[in-house]
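> Sequence first, predicted coordinates after that:
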Amino acid sequence: MENLLEKVSYLKGLCDGLEIDHETKEGKMIIGILDVLDEMAASIMDIEDDQFEMQELIDEIDEDLGSLEEEFYGDCDCGCDCDCDDDCDCDCDCDGDCAFFELECPNCGETICFEDSELFNDSVVCPNCGEEIDLDYDCDCEDCDCQE
């Protein structure tokens, strides 16, 4: 933006070189316009400097936040097949050591993740709408303890 300051300085020099009379109406107007342009250019330079400093701070904060997110969330390994990454919203608290299942609430349409141990309950409650969802399923396996 220094180019803008240079242009205003050039115009002021041109005004002095043309020997514009500061006492005439036109001369006063031109000098006033040049003064306003000079102030505007200086203000724009200050704003750009402030913006540059803020952008550097924002970049630092973004890097720090990215590090914290990676440290806190890491790679999601919850097994709930919800394609969750840094923004997992299944509230599973599984830390990757248990199996999870998904189903869609028939009342509100929200996708619900729940632990495999909850499969043996008769129902689960949708955390979104509070609707109780019956868990009726048929197990075809012979070697499990699914309590048929």
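Looks like it came in fine.

> Helices of this structure, start to end?
2-17, 25-73 (DSSP state H).

> okay, the ones you listed in TSV with mean pLDDT next?
Formatted as TSV, the helices of the chain follow (pLDDT from 0 to 100):
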stretch	mean pLDDT
helix 2-17	90
helix 25-73	94
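
> which one of those lies closest to residue 106?
Residue 106 sits nearest to helix 25-73 of all the helices of the chain, at 30.5 Å, using Cβ to Cβ. The C-beta positions use only the backbone N, C-alpha and C, and glycine is treated the same way.

> Please state the offset of that closest one from the chain centre?
Taking Cα atoms, centre = their mean, to the nearest Å, one finds helix 25-73 lying 22 Å from the centre of the chain it belongs to.

> how far off helix 2-17 does it point, in degrees?
170 degrees (axes from the mean of the first three to the mean of the last three Cα atoms, to 10 degrees).

> rewinding a little: could the helices of the chain go into a markdown table alongside mean neighbour count and distance to residue 135?
Shown next, in a markdown table, are those (neighbours: other Cβ atoms under 10 Å; distance: least, Cβ to Cβ, whole Å):
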| stretch | mean neighbour count | distance to residue 135 |
| --- | --- | --- |
| helix 2-17 | 12 | 69 |
| helix 25-73 | 12 | 29 |
